[in-house]
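J.: okay, here's the prediction I keep looking at, along with the sequence it came from:
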Amino acid sequence: GTSGSFGNITFEEGAAVKLDSNADEDGDLYLNAGNDLSVGGNLSITAGAGNITQGAAVTVTGTSSFETSASDADIVLSSENAFAQKVTLTTFGEGGDATLDNGTTALIIAASDVRGDLTLESGHASGITDADGETVTVGGNLAATTTANNGDIDMGTLAVTGTIALTTHADASNNTSHATIVNTRAVKLAASTVDGDFSATATTGGITQTGALAITGTTTLLTSADGADIDLSTTTTNAFTGALTITTNDNTDYEAHATIDGGTTALIIAASTIDGNLTLTSGHNNSTGHAITDSGTVTLGGNLSATTDANNGNITLDQLALASGKTIALITNDDAGDNTGHATVKNTTALNLALSTIDGNFSGTATNGSISQTGNLNITGTATFITTANNSDIILSQSGNVFGAQVTMQAGNGTNFAFGNITFVDSGAVKIETSAGTSADGDLYLNASTDLAVGGNLNITATTGNITQGAAATVTGTSTFTTMEVNADIDLATNGTS
């Protein structure tokens with residue numbers, strides 16, 4: 001008991017088993033060797049009725065296997081053990097939980113079936129992993145924590161029914177404690193803190209959350225099943241510091257949507273493909289950049305909705321690729337009342353604007369198509385609408401449009417292309433001008449290869465106030481001017497209109 005060492009140990013007990021530094025009570029298992037509780041080979045323990053627990057830490061050079069046969073019996077190994085190779089855990093019953101602390105040794109979970117909750121800890125730099133190709137099945141919740149040495153979590157063969165909570169250790173300020181999970185079922189994220197990059201894949205089902213997520217590095221979210229959504233909006237205290245890459249899958253019958261709330265942290269959307277709608281919310285204050293922005297092409301099969309809900313945050317999404325006919329809805333916040341919640345969007349095809357309220361300036365660009373709207377636009381600051389394909393239309397025809405400052409419609413770069421049809425409805429007076437700043441509110445500047453020239457039809461409506469001009473306009477097609485207010489005038493005689 002003082003000099004020798006064990007090879008392999010297999011122990012089956014009809015009752016509970018407790019690994020301990022002595023054998024004083026029924027069920028105690030004392031491994032008395034040169035190093036007590038040390039196994040030089042493999043260790044296998046089965047408790048036929050009752051729990052498996054420990055009173056002291058265990059060191060195992062080979063593989064380890066722990067099994068409770070009774071329904072709802074637990075495995076509790078929480079004494080900073082050192083299991084050097086794969087560990088197999090098996091419990092039965094809905095309450096059959098398993099807890100394993102592997103001290104500062106890397107923790108590798110082999111094919112396991114835990115019917116209750118599974119709780120794992122390691123302080124090793126390699127952290128917590130699952131054995132390649134071996135499924136870890138958890139009937140309850142999974143909690144995995146690296147407690148030291150910037151340890152990672154990498155579990156790519158999970159089958160977890162309940163929630164998944166992840167915590168990686170921040171030993172240095174380098175954001176290198178990453179976490180990766182792949183679940184064969186839906187991914188339900190409990191409150192988690194990852195001091196590095198985070199990647200979650202749900203191969204069947206969606207990705208949701210029950211608690212706040214704090215991710216210091218980048219975030220990658222992937223659902224593989226048709227129609228499986230991603231919804232990380234049930235808490236308003238998420239913090240995604242790095243860029244998010246989002247991928248959802250669909251077929252012709254289903255859409256797979258993504259909804260993200262970034263709390264008061266900026267949302268940066270990296271190159272992503274969402275085969276459905278994308279809904280984004282952030283209350284960031286622009287101190288480190290825009291509240292919502294993109295860093296790569298964002299391809300959408302559905303509609304886009306972007307909202308800044310606090311702190312005058314800006315929206316800049318200038319790498320959009322929406323499917324034909326899909327809309328963009330924008331809401332910016334103006335906490336300070338100074339009209340500084342700006343929004344900029346640019347789409348690779350046509351630009352179709354849904355109901356939007358922008359408490360600041362707006363710029364919208366359609367790089368290959370026209371600009372239109374399906375809902376009213378309420379823009380407090382300046383508004384700029386740009387089409388970069390020749391002879392494209394700009395149709396802003398909603399009766400409830402409110403433009404609080406000057407409006408510019410631009411074809412190409414303002415010198416190289418012409419307009420097609422133009423329709424413009426504003427709640428106030430409208431003045432056709434040679435620039436969008438002469439009299440500010442109500443100015444409409446048509447900036448093209450020939451300024452104030454419309455290659456198609458021109459329709460202008462002022463729901464209150466007059467329609468006037470500061471310079472001559474040229475219209476190839478038909479022209480319609482409408483004032484909705486009683487006694488409001490149309491005066492296009494100052495410089496002539498042709």
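T.: Structure received.
J.: buried set for stretch 331-342?
T.: Neighbour counts over stretch 331-342 (16 or more other C-beta atoms under 10 Å) mark 331-335, 339-342 as buried. All C-beta spots, glycine's among them, are computed from the backbone N, C-alpha and C.
J.: cool, stretch 226-236 as well?
T.: Across stretch 226-236, burial judged by 16+ other C-beta under 10 Å covers 226-230, 232-233.
J.: quick check: end-to-end length of it?
T.: 27 Å (C-alpha to C-alpha, to the nearest Å).
J.: and for stretch 347-359?
T.: 21 Å.
J.: repeat for stretch 373-383
T.: Distance across stretch 373-383, first residue to last, is 14 Å (C-alpha to C-alpha).
J.: again, but for stretch 203-214
T.: End residues of stretch 203-214 are separated by 23 Å (C-alpha to C-alpha).
J.: hmm, back to that, take the buried residues of stretch 226-236 and keep only those in strands.
T.: Applying DSSP state E to these, the entries found in strands are 226, 230, 232.
J.: touching, the first one and Ala256? I think so.
T.: Yes. The pair Asp226 and Ala256 passes the contact test of C-beta atoms under 8 Å, sitting 7.1 Å apart.
J.: now list whatever residues contact both of those two.
T.: Counting by C-beta atoms under 8 Å, 6 or more residues apart in numbering, the common neighbours of Asp226 and Ala256 are 249-250.
J.: measure the nearest residue to Asp443 once chain neighbours are set aside to Thr450 for me?
T.: Nearest-residue entry for Asp443: Gln406, 4.1 Å, with adjacent residues in sequence omitted and distances by C-beta to C-beta, 6 or more residues apart in numbering. Remark: distance between Gln406 and Thr450 (C-beta to C-beta, to the nearest Å) = 20 Å.
J.: also Phe481?
T.: Counting by C-beta to C-beta, the separation of Phe481 from Thr450 is 20 Å.
J.: same thing with Ser64?
T.: Relative to Thr450, and taking C-beta to C-beta, Ser64 is found at 81 Å.
J.: looking at those two, which is more packed in?
T.: Ser64 (26 against 14; other C-beta atoms under 10 Å).
J.: quick check: phi and psi on the more buried one?
T.: Dihedral angles of Ser64 (phi, psi; degrees, to the nearest 10) stand at phi -130, psi 140.
J.: hang on, it packs against Phe83?
T.: Yes. Counting by C-beta under 8 Å, Ser64 does reach Phe83; the two are 4.7 Å apart.
J.: mutual contacts of those two, please.
T.: Shared contacts of Ser64 and Phe83 (C-beta under 8 Å, 6+ apart): none.
J.: picking that back up, closest one to Asp443 out of the buried residues of stretch 226-236, please.
T.: Closest approach to Asp443 among these (C-beta to C-beta): Ser233, at 38.9 Å.
J.: which strand residues bridge the nearest residue to the closest one once chain neighbours are set aside?
T.: Among residues not flanking Ser233 along the chain, Asp261 sits closest, at 4.1 Å (C-beta to C-beta, 6+ apart). In this entry, Asp261 is beta-bridged to Thr281, by DSSP bridges.
J.: OK, contacts around Asp261?
T.: 232-233, 235-236, 238, 281-282.
J.: and with 10 Å instead?
T.: Listed by C-beta atoms under 10 Å, 6 or more residues apart in numbering, the contact partners of Asp261 are 209, 212-213, 231-238, 240, 267, 279-283, 307, 309.
J.: any of those residues buried? List them.
T.: Among these, those classed as buried by 16+ other C-beta under 10 Å are 209, 212-213, 232-233, 238, 240, 267, 279-283, 307, 309.
J.: quick one: strands adjacent to the lowest-mean-pLDDT helix or strand in the chain?
T.: The weakest-scoring helix or strand in the chain, judged by mean pLDDT, DSSP states H and E, is strand 28-30 (a mean of 86). Partner strands for strand 28-30, per DSSP bridges, with pairing direction: strand 17-20 (parallel).
J.: centre of the chain versus the strand it pairs with, how much separation?
T.: How far strand 17-20 lies from its chain's middle: 45 Å, per C-alpha atoms, centre = their mean, to the nearest Å.
J.: and if you look at stretch 327-339?
T.: That offset, for stretch 327-339, works out to 21 Å (C-alpha atoms, centre = their mean).
J.: average pLDDT for that stretch, rounded please.
T.: Mean pLDDT, stretch 327-339: 87.
J.: thinking again about what came up before, show me which of the buried residues of stretch 226-236 is closest to Ile246.
T.: Taking C-beta to C-beta as the measure, Ile246 lies nearest Ile230 of the buried residues of stretch 226-236, at 6.3 Å.
J.: read off the pLDDT value for Ser3.
T.: pLDDT for Ser3: 54.
J.: now render the buried residues of stretch 331-342 as CSV, adding secondary structure and distance to Thr90.
T.: Supplementary listing: these in CSV, determined by DSSP: H, G, I helix; E, B strand; the rest coil; distance: C-beta to C-beta, whole Å:
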residue, secondary structure, distance to Thr90
Ile331, strand, 52
Thr332, coil, 54
Asn333, coil, 52
Asp334, coil, 58
Asp335, coil, 55
Asn339, coil, 63
Thr340, coil, 59
Gly341, coil, 56
His342, coil, 58
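J.: now Ala49: closest residue in space that isn't a chain neighbour?
T.: Per C-beta to C-beta, 6+ apart, closest to Ala49 is Ala70, 4.7 Å.
J.: distance of the one you found from Glu13?
T.: The gap separating Ala70 from Glu13 is 11 Å, by C-beta to C-beta.
J.: which neighbours do these two have in common?
T.: Counting by C-beta under 10 Å, 6+ apart, the contacts common to Ala70 and Glu13 are 47-50.
J.: most neighbours among those residues, which one?
T.: Ranking the shared contacts of Ala70 and Glu13 using other C-beta under 10 Å puts Ala47 first, with 27 neighbours.
J.: spit out the contact partners of that residue.
T.: By C-beta under 10 Å, 6+ apart, the contact list for Ala47 reads 11-18, 27, 29, 53, 66-70, 73-75, 91.
J.: swap the cut-off to 8 Å and go again
T.: 13, 15-17, 67-70, 73.
J.: so which of those is the most crowded?
T.: Neighbour-wise, the contacts of Ala47 (other C-beta under 10 Å) top out at Thr68, 29 neighbours.
J.: quick one: list the elements packing against whichever strand or helix holds it.
T.: Assigned by DSSP states H and E, Thr68 belongs to strand 64-71. Strand 64-71 is packed against strand 43-47, strand 52-54, strand 75-77, strand 87-92, with contacts defined by 3 or more C-beta pairs under 8 Å, 6 or more residues apart in numbering; DSSP states H and E.
J.: what angle do strand 43-47 and the last one make with each other?
T.: What it means is strand 87-92. Following axes from the mean of the first three to the mean of the last three C-alpha atoms, to 10 degrees, one obtains 10 degrees for the angle between strand 87-92 and strand 43-47.
J.: what's the angle between strand 87-92 and strand 64-71?
T.: 0 degrees.
J.: after strand 87-92, which helix or strand is next?
T.: strand 98-101.
J.: next, the buried residues of that following strand.
T.: For strand 98-101, by 16+ other C-beta under 10 Å, it's 98-101.
J.: which residues does the nearest residue to Asn102 once chain neighbours are set aside contact?
T.: What sits nearest to Asn102 in space, not counting adjacent residues and going by C-beta to C-beta, 6+ apart, is Ser122, at 4.6 Å. When contacts are counted by C-beta under 8 Å, 6+ apart, Ser122 touches 101-107, 128, 145-147, 151.
J.: beta partners for Ser122?
T.: Thr146.
J.: and the gap between it and Thr145?
T.: With C-beta to C-beta as the criterion, Ser122 and Thr145 are 8 Å apart.
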